[in-house]
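Asks: Sharing a model prediction with you, sequence too.
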Amino acid sequence: MATLAQQRFYEFGEFQLDAGRRLLLRAGDVVALTPKAFDILLILVRNRGRVVEKDELMRLVWPGTVVEENNLTRNISSLRKALGEGPNDHRFIVTVPGRGYQFAAVIPLAIPLPDGAVEASDHLQATKREESESSVVSPSVLHTGILAGGRRTGGLGLYFAIAACVLLYASAWLYLSRHSQAALPPPRVIPVVALQDIADCASISPDGNYVAFERHSESPGLAGIYLKQIDSERYLQLTRVARDACPAWSPDGRWIAFSRFAGTERIIYLMSALGGPERRVYSSGPVLPIVDWSPDGKFLALSSPDATPGTYSISLLNLETLETHKLTVPPPGEQDGAPAYSPDGRRLAFIRTNGALTSSEIYVVDVSGGTPRRLTSEGWIASPPVWTRNGQSILYSSARAGLPTLWRISTAGGTPEQVTVPGIKAFRPTLSASGRRLAYQLETCGSTICSFDLTKRGAAAGNRDVLSSKGLNEWAEISPGGNKIVLVSDRSGSQEIYISAADGSNLLQLTHFGVAHAPESPRWSPDGQQIVFDAVDQGHTTIFALQADGGTPRRLSDSSTDHLNPTWSRDGQWLYFASSRSGQWQIWKMPSSGGAAVQLTHQGGFVGYESADGKRLYYAKTASEPDIWVLNLEDGTEGPVSPSVHLDQSTAWSLTDHGILFIQKSSGSHAGLRYLDLAKGRISDLTVLPEQFWRAWVSSSRNGRIAL
């Protein structure tokens, strides 16, 4: 077992100390320290069992230099501030009067390295042994912008807001023996990659020494596919195209496959892992980007568009002939994606998502064909499946425990086993081909709900932060009186509904589901007394209502099929909502107290709002990339609004008394708030959103003066 002085990584309280990279982390975030303050902290930590004399500290920190004691005192003071210690709260660094300082926190000894693995201060190595699957996980970190999250984002969706996310590869121990599986100890977070823009879809090389990932940037020439050697500060940029996505290593580590989105095309390319010419091997409509190599390197498994719009199948691409073979036939409107070959190449695991993007599960199918077998019953799978080396279980990310964490399930089925500690948002696990190194993304994300004054134009509209925290803050709506906001946040550890004052103060949690029910779409009643929303219940999305001052939510719709996106009629007597009970998403209505529902649309509908005069219903026609349509509630005619409004997502618009407010790219590459004046039939630009904003949702006051 490593001694305290031999450790590279230390944990105490909410902090992690990386001696090799000279970094102090707090819950995954880097804590700023001067070099001398870091030296002092490391010396105290490594000598935790004794008092370190002042003279000894000064000699070690300033070798060969005569310094005054006040230099040491100033650094101790700044160190205490960085550790969050107050004048009378010295839980980490204790002063021993007349002598020196002692580190007081408990630090566990390092977990012993497995046979064949060596950990050094500046490089991580693992000796390959065919008969051992014990491994140390490769550390890496990616600082990103916005990541996919939530129940309805889908494979290409991104959730909104101003956010600064941190995508981490966490260090942990994984024991995947051919004969037994053991529980994992708590992971240790170790930063490796640091970027100030968006990075995602990272993949570890077969030998576990490199990470490939996609990078998105507003800076010209920086976007594309990158390669990063673990424990090195150098990056290799392989491509320079902004819409390149999801690199995948060939089994021999020589090639990388990736998807490129160009207009209405998704193109798959191969290129050398060292860079160079690209080889185009496949193209289709814009579908899910993740691909996987067969173990023999002869095929790529990919998602391909079906003849039915919005339906994606899993197909196998022969890399020699470039011919494809369809492997799965999903129900109309459902999407198969994120394929993963088993180690022996005989089976494929993949994710099947329903048309409303409210449910996704892992399925397994034989490569030779047959009916896919459903493996999980999670409600929502947060990342692609990954096979363990022995092919007996699959790793994936799920929010079944509240926050997304890693889970492992036997390929024979059964009860999943949690892999990482609860409360850590862990996504997208990936294993090296040897099975010795596991990397996964650990997300720490902060988001802010912002307010815009729409009585002004351009920059004058402002961008006032209303409510901010780590994690998710979205689905905000202003109350009819304009003095409150209802929103969805996961600050409690699970996604719940909150209300606050209009300025974000006096935050009150209304729901306490506590698990993966993921309530969304909260809407105020016209009198401001009730809130209606949808949440997952018994495997389907169901509509609930509760009093605005709290209480027990009341179920308004049954759980036999999905019902979501409820909105109120102007008189408060009816609820409009989307339902798949007819086999296709349509807008229905029912009494606001619950009861029999009536179908309104017949050509598709996903979320709708009643006009101010109660005579029309404006609605997004589909879940993704919808057009805005209008239904005449008196004669039942339905058709697109004029001029037409096409959105990236069904939640990126709101109806005011006189028009439609929506998010769309209006000029350049930035998204902007735009407004359709229904009386004049004219679209105008209101304001350009900051770079950190991404398409997702927007809401507004009925009078159209304030937007969130």
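Replies: Received it, and whenever you're ready, just let me know what you need.
Asks: Go through stretch 581-597 and flag the buried ones.
Replies: Along stretch 581-597, these residues count as buried under the neighbour rule (16 or more other C-beta atoms under 10 Å): Arg581, Gln584, Trp585, Gln586, Ile587, Trp588, Lys589, Met590, Ser592, Ala597. All C-beta atoms are positioned from the backbone trio N, CA, C, and that covers glycine.
Asks: and that stretch, how far out from the chain's middle?
Replies: On the basis of C-alpha atoms, centre = their mean, to the nearest Å, the separation between the geometric centre of stretch 581-597 and that of its chain is 31 Å.
Asks: ok, residues contacting it?
Replies: Under the criterion C-beta atoms under 8 Å, 6 or more residues apart in numbering, residues 333, 355-356, 525, 530, 532, 545, 554-557, 560-561, 563, 568-569, 572-579, 598-602, 604-606, 608, 617, 619, 622-623, 631 lie in contact with stretch 581-597.
Asks: What's the end-to-end length of it?
Replies: Using C-alpha to C-alpha, to the nearest Å, the end-to-end distance of stretch 581-597 comes out at 11 Å.
Asks: ok, back up a step: of the buried residues of stretch 581-597, which belong to strands?
Replies: Gln586, Ile587, Trp588, Lys589, Met590 (DSSP state E).
Asks: and which of the buried residues of stretch 581-597 is nearest to Gly370?
Replies: When the buried residues of stretch 581-597 are compared for distance to Gly370 (C-beta to C-beta), Gln584 comes out closest, at 27.9 Å.
Asks: roughly how far apart are that closest one and Thr541?
Replies: As defined by C-beta to C-beta, to the nearest Å, Gln584 lies at a distance of 16 Å from Thr541.
Asks: now Arg373
Replies: In this view, Arg373 and Thr541 are 24 Å apart by C-beta to C-beta.
Asks: Who has more neighbours out of these two?
Replies: In this comparison of Arg373 against Thr541, neighbours counted by other C-beta atoms under 10 Å, the higher total goes to Thr541 at 31 against 13.
Asks: ok, now how distant is that one from Ile485?
Replies: For Thr541 relative to Ile485 (C-beta to C-beta), the value is 23 Å.
Asks: Mind putting the buried residues of stretch 581-597 into CSV with distance to Leu673 and pLDDT?
Replies: As requested, the buried residues of stretch 581-597 are arranged in CSV below (distance: C-beta to C-beta, whole Å; pLDDT from 0 to 100):
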residue, distance to Leu673, pLDDT
Arg581, 35, 83
Gln584, 31, 80
Trp585, 26, 84
Gln586, 29, 91
Ile587, 25, 93
Trp588, 30, 93
Lys589, 29, 93
Met590, 32, 91
Ser592, 30, 90
Ala597, 33, 91
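Asks: out of the residues you listed, who's nearest Val641?
Replies: Within the buried residues of stretch 581-597, distances to Val641 taken as C-beta to C-beta reach their minimum at Ile587, with 14.8 Å.
Asks: The closest one pairs with what?
Replies: Legend: beta-bridge partners of Ile587 under DSSP bridges are Ala578.
Asks: separation between it and Thr622?
Replies: Applying C-beta to C-beta, the value for Ile587 to Thr622 is 12 Å.
Asks: Can you pull the residues that touch both of the two?
Replies: The contact sets of Ile587 and Thr622 overlap at Phe606 (C-beta under 8 Å, 6+ apart).
Asks: So, low pLDDT: which residues of the stretch 601-708 of the chain?
Replies: Under the criterion pLDDT under 70, the flagged ranges of the stretch 601-708 of the chain are 624-625, 665-670, 690-696, 704, 706-708.
Asks: burial measure for Asp96, as a count.
Replies: Let me fix one detail, which is that residue 96 is Val and not Asp. Other residues close to Val96 by other C-beta under 10 Å number 12.
Asks: shouldn't it be in contact with Val51?
Replies: Yes - with contact defined as C-beta atoms under 8 Å, Val96 reaches Val51; the gap is 4.9 Å.
Asks: Overlap in contacts, the two.
Replies: When contacts are counted by C-beta under 8 Å, 6+ apart, Val96 and Val51 are jointly contacted by Gln102.
Asks: Turn the ones in strands among the buried residues of stretch 581-597 into CSV, columns for distance to Gly369.
Replies: Compiled in CSV, these are given as follows (distance: C-beta to C-beta, whole Å):
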residue, distance to Gly369
Gln586, 34
Ile587, 39
Trp588, 39
Lys589, 44
Met590, 43
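Asks: Arg346 is in contact with Asp366, correct?
Replies: Yes - counting by C-beta under 8 Å, Asp366 does reach Arg346; the two are 6.6 Å apart.
Asks: where exactly do the helices run in the protein?
Replies: Using DSSP state H, the helices assigned to the chain run over residues 35-46, 54-61, 69-82.
Asks: quick one: contacts of the last one?
Replies: For helix 69-82, the surrounding residues in contact (C-beta under 8 Å, 6+ apart) are 24, 31-34, 36-37, 40-41, 54, 57-58, 61-62, 90, 92-93, 95, 101.
Asks: what do you get for the shortest one?
Replies: Outside of helix 54-61, the residues that reach it under the criterion C-beta under 8 Å, 6+ apart are Lys36, Asp39, Ile40, Ile43, Val67, Glu69, Asn71, Leu72, Asn75, Arg99, Gly100, Tyr101.
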